[in-house]
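Student: need a structure here:
(chains A and B)
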Amino acid sequence: MEKRLIGLDICDTYTQVCCAGLGEVQNYPTVVCKKKDEDTWLVGQDAYASALEGKGVIVDKLLKLLRKEGTATISGVRYEGLDLMQKFLECVLSAAVREADRAEKAVNAGTDEGNAREAAADAKANEGNVREAADAKANEGNAREEAADAVTDEGNARGEAVNAGTDEGNARAEAANAGADEGDVREEAVSGGTDGKLTPADAAKNAGAGEQIRDAAAQAGYDPARIARLVITVPKISARLMDMLVYCADRLKISRDRIRIISHTESFLYYVLSQKREVWNNQVGMFDLSEDFLCYYEMKVQRGMRQVTVVADREKLDEGFNLDILNTPSGVKLADKILCSCGERFLQKKLFSSIFLTGKGFESQDWATDFMKLVCARRKVYVDQALFVQGAAYKAADLDRNKTMYPYVLVCDGRLDTTVSMKVMRRDQEDQMILAAAGDSWYEARTTLEFILDNQQYLEFMILPADPKRRKVVKLILEGFPERDDKTLRIQLQVTFLDENTMAVTVKDMGFGEFYPSTGAVIRQEVML
Amino acid sequence: MSVILCRKEKVSHPFFIENLGIHIYTSQELCYAIYNHPLLALDGFMDRNLVDFIREELDMGYTALKLERWMKGGENQDELLFLFLQECDYYTTAEINRLRQKVAALRKLPPLEYAKRKADYLFGFKQYGRAVAGYEKILESYLAQKADDAFLGKVWNNLGACYARIFQFDKALVAYDKAYGKLKDVSVLERIYHLSLMSPDISLKERYQSIITDEMKAAWDEDFAKAKKEADQSDGIKKLEEMFSRDPIRRMEGARQTLEAWKQEYRGTA
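Tutor: Here you go, the predicted model:
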């Protein structure tokens, strides 16, 4: 059986999952439901249905529950956030693998879908087109607009060029609106707490969610061996959340070398860098309008350095609004105005190659006429509702290659923007030993090295951010360490990062063999970058 | 002032340097031993066993190959040490050059003087058995016949000290006797007198009794008593007393460890 490369986007309200290059993106509300009196767990539509019928108890906001190490009590049994996330992911991942198998089988068997793919390929269309066609057939109502442009490449097709003002763009926008009417999984208004309260209106909205997990037998199909790589993307990276997700992966029997956790910003980078170069020649902006927040992402490519550096940033905007206001004409006007004001602030006086729009708020752009005019002026605009999950899947595919297709230094949320080095002597000459480089994942950056100190009782770290004015040297004096003959103070230096701005340093006296046993002296210090 | 990055070396079987009585776990320790104890590292120290250790345990196959080729070439064997130091990048070129000068100076010493220094060095590391062998080799050498009394007297004196340290008082007395014959030094007499105090079987020869005055005896007795008192209060004795005050199980375990340590030390001195 083929192993799958899976991208997974988990938010508090929705979860999307897809396998790189195969099958559809599947949407789920981030909820899990346990049937009463039996050990059956449900996700998606069945979870809501079961809860509505009073046959099960639903728990929502699983990511928050996991991050806060919270618990939920179901039928008198107390479950940790980790337990619930594990159940949820088992269902979602096995569904993703099945979807990939189905798509592969369809292609191999020469089904209509397979033929459509082939035909589309012949017509220089891309995978996105196929997916869109499949979307239409399946009436899943994903708001991902179809990549109508036959000449665009695979990447472009995933985020279709709206290019308002042109007939083509309008046609695509219409198509997008049409495709969204059945309701995306993300439309689910999940109850605020973790008690699983659900209104009939919520359940009605949930109709049309992606593949549903029917019963425990289906869940039993979870096979960790089928997962070659799993890349999980979350809105914002934190050490605790990453720890919890890694523990969850451990429980799911996905070894640590097969899992990565990245931020939405990094997914955005992978997604954009997977498009044609003209899409990201200059700066790229993105608005993510979700139920919970409005975020602006910006990416720029810095050339002319030793290695091309791509920097992306995310800003959560105070102007975020509840999408319910779009139900009234005055609310629509206000929302459009808010977006215009944000657009003017971020897009003016800058040269953008393209602008991306994502999030539930942009399932339809009809309400944002002024904003669309603003963003579409002199640049291409793409809309994609599954951008982050696809970015994660691109990364999963890249991890599986021997040589990366993204030979850039990526600086974004979850990665260091600073290089930390130390001066060492090598062949009679001073050299820089890099302990962590800009672009490294701060969560994964762990360096353990041993050094001999020659006639000095301190360590000096060179902190080298991209901005030369912020460069500095941090001196760590080794108080309590023994004073020995020259070149016999052997230390172990361990460098980890608590977040992108905080380096944790541990220095231990290792002794010098039987000449000088270790004194056990240890220093731990946090260094602000 | 500088920082040196250490290679990752996973040594599972450390190399034992007999002359120093220590195990070597890293290339840095080996460099340190060579650099700080050149007298012990000359003359066959870099042998096949050590080259195997360098290749297999330190994972320095290329260096081992170079060393082997040099050994087979029959060139100056001292260069093996410098070659290894250079490859390890633990000492700077300037430091290695300083060692080179030191070794050259040692090599320029008269053979007996060189041999004596080496034996003295072993004595300093409590390698009494090897030091005895070194001193005896000097005394048996045909060159010793031409050596002056002062030199030979020192050798006999040091040989006596070695024997005394390994409780072979009879042999120590003979050596000190010879040393006094060469040096005519009162300090040697003092050692002979102290030997007689440590071992009841040893009695002072008549010719010494006539030389040693009552004042001298009184002063030496005082020194001996002082040394004995210090020994009674030494860390080693305190540790033993502490050990015997423990419960029987821990006492036996401590006794086992101490005995093992003594055996190791004795083997090193033999």
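Student: How about the residues of chain B by chain A?
Tutor: B:1-6, B:8, B:22-26, B:28-29, B:32-33, B:36, B:89-94 (C-beta under 8 Å from any C-beta of the partner chain). In this view, the C-beta of every residue, glycine as well, is placed from N, C-alpha and C.
Student: Show me those that map onto helices.
Tutor: Using DSSP state H, the members of the residues of chain B next to chain A that fall in helices are B:Q28, B:E29, B:Y32, B:A33, B:N36, B:T93, B:A94.
Student: shouldn't the third one be in contact with A:F512?
Tutor: To tie it back to what came earlier, the one meant is B:Y32. Yes: assessed by C-beta atoms under 8 Å, B:Y32 is found in contact with A:F512 at 7.3 Å.
Student: Identify the contacts common to these two.
Tutor: A:T488 (C-beta atoms under 8 Å, 6 or more residues apart in numbering or on different chains).
Student: what separates B:E56 from B:T26, distance-wise?
Tutor: Going from B:E56 to B:T26 by C-beta to C-beta, to the nearest Å gives 14 Å.
Student: Of those two, which one has the most company?
Tutor: B:T26 (24 against 14; other C-beta atoms under 10 Å in any protein chain shown).
Student: which residues touch the closest residue to that one other than its chain neighbours?
Tutor: Spatially, and ignoring its direct neighbours in sequence, B:T26 is nearest to B:E9 (5.3 Å; C-beta to C-beta, 6 or more residues apart in numbering or on different chains). Contacts for B:E9 (C-beta under 8 Å, 6+ apart) come out as B:Y25, B:T26, B:S27, B:E57, B:L58, B:D59.
Student: With only the CA atoms kept, save stretch A:492-499 in CSV.
Tutor: What follows is stretch A:492-499, C-alpha atoms only, in CSV (Å, rounded to 0.1, in the frame of the first residue of the first chain):
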residue,chain,number,x,y,z
GLN,A,492,29.0,20.6,27.2
LEU,A,493,26.9,23.4,25.7
GLN,A,494,23.2,22.7,25.0
VAL,A,495,21.2,25.3,23.1
THR,A,496,17.5,25.1,22.7
PHE,A,497,14.8,27.8,22.1
LEU,A,498,11.7,28.5,24.1
ASP,A,499,10.3,30.6,21.4
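Student: Can you pull out the residues in contact with it?
Tutor: A:238-239, A:416, A:420, A:435-436, A:442-443, A:445-451, A:459, A:503-508, A:510, A:526.
Student: ok, and for stretch A:50-60, which residues are buried?
Tutor: For stretch A:50-60, burial by neighbour count (16 or more other C-beta atoms under 10 Å in any protein chain shown) applies to A:S50, A:A51, A:L52, A:K55, A:G56, A:V57, A:I58, A:V59, A:D60.
Student: Which strands and helices lie in contact with the helix or strand in which B:A225 is found?
Tutor: Element membership for B:A225, per DSSP states H and E: helix B:214-232. The contact analysis (3 or more C-beta pairs under 8 Å, 6 or more residues apart in numbering or on different chains; DSSP states H and E) places helix B:214-232 against helix B:186-198.
Student: neighbouring contacts of the helix it packs on?
Tutor: Residues outside helix B:186-198 that contact it (C-beta under 8 Å, 6+ apart) are B:153, B:157, B:160-161, B:164, B:169, B:172-173, B:176-177, B:179-180, B:202-204, B:208, B:211-212, B:216-217, B:220-221, B:223-224.
Student: Could you point out the helix or strand that follows the helix or strand containing A:L357?
Tutor: A:L357 is part of strand A:352-358 when elements are defined by DSSP H and E. Moving toward the C-terminus from strand A:352-358, the next helix or strand (DSSP H and E) is helix A:369-376.
Student: what separates that following helix from the chain centre, distance-wise?
Tutor: How far helix A:369-376 lies from its chain's middle: 27 Å, per C-alpha atoms, centre = their mean, to the nearest Å.
Student: what packs against that helix?
Tutor: helix A:329-347, strand A:352-358.
Student: 6 Å instead, please
Tutor: helix A:329-347 (3 or more C-beta pairs under 6 Å, 6 or more residues apart in numbering or on different chains; DSSP states H and E).
Student: quick one: contacts of the helix it packs on?
Tutor: A:Y296, A:E319, A:F321, A:I325, A:L326, A:W367, A:A368, A:D370, A:F371, A:L374, A:V375 (C-beta atoms under 6 Å, 6 or more residues apart in numbering or on different chains).
Student: Quick one: buried ones out of the residues you listed?
Tutor: Buried among these by 16+ other C-beta under 10 Å: A:Y296, A:F321, A:L326, A:W367, A:A368, A:F371, A:L374, A:V375.
Student: In terms of distance to A:K87, which of the contacts of B:E9 ranks first?
Tutor: Using C-beta to C-beta, B:D59 is the member of the contacts of B:E9 that lies nearest A:K87, at 47.1 Å.
Student: count of neighbours near the closest one?
Tutor: That count, for B:D59 with other C-beta under 10 Å as the rule, works out to 15.
Student: Phi, psi for it please.
Tutor: With angles defined as degrees, to the nearest 10, B:D59 sits at phi 60, psi 40.
Student: Would you mind measuring from it to B:R7?
Tutor: Distance from B:D59 to B:R7, by C-beta to C-beta: 8 Å.
Student: sorry, back to before: now a ChimeraX select for only the buried ones of the residues of chain B next to chain A.
Tutor: Filtering the residues of chain B next to chain A down to the buried ones (16+ other C-beta under 10 Å) takes a single ChimeraX command:
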select /B:2,3,4,5,6,22,24,25,26,28,29,32,33,89,90,91,92
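Student: Name the spans of chain B whose pLDDT lies under the cut-off.
Tutor: Chain B contains residues with pLDDT under 70 at B:268-270.
Student: Show me it divided up by domain.
Tutor: With domains defined by automatic domain parsing, chain B comprises B:15-107, B:135-226, B:235-269.
Student: picking up where we left off before, show me the two of the buried residues of stretch A:50-60 that sit farthest apart.
Tutor: A:K55 and A:D60 (17.1 Å).
Student: now, among the ones in helices among the residues of chain B next to chain A, which is nearest to A:L89?
Tutor: Distances from A:L89 to those, taken by C-beta to C-beta, are shortest for B:Q28, at 47.6 Å.
Student: Please look at the closest one and B:Y90 and confirm they touch.
Tutor: Yes: contact criterion C-beta atoms under 6 Å: B:Q28 and B:Y90 qualify, at 5.1 Å.
Student: residues contacting A:E53?
Tutor: For A:E53, counting by C-beta under 6 Å, 6+ apart, there are no contacting residues.
Student: ok, for B:L81, nearest residue in space, not its chain neighbours?
Tutor: B:I34 (5.3 Å).
Student: I'd guess A:L241 is in a helix, am I close?
Tutor: Yes: applying DSSP: H, G, I helix; E, B strand; the rest coil, one finds A:L241 inside a helix.
Student: My guess is it contacts A:R67. True?
Tutor: Yes: in this structure, A:L241 is within contact of A:R67 by C-beta under 6 Å, at 4.7 Å.
Student: For chain B, give me its nearest residue in the stretch 51-200 of chain A.
Tutor: A:L82 (35.2 Å; C-beta to the nearest C-beta).
Student: SS state for that residue?
Tutor: helix.
Student: Sketch out the helices for the stretch 51-200 of chain B, chain order is fine.
Tutor: B:61-73, B:78-88, B:93-107, B:111-124, B:128-140, B:149-165, B:169-183, B:186-198 (DSSP state H, counting those that start in this stretch).
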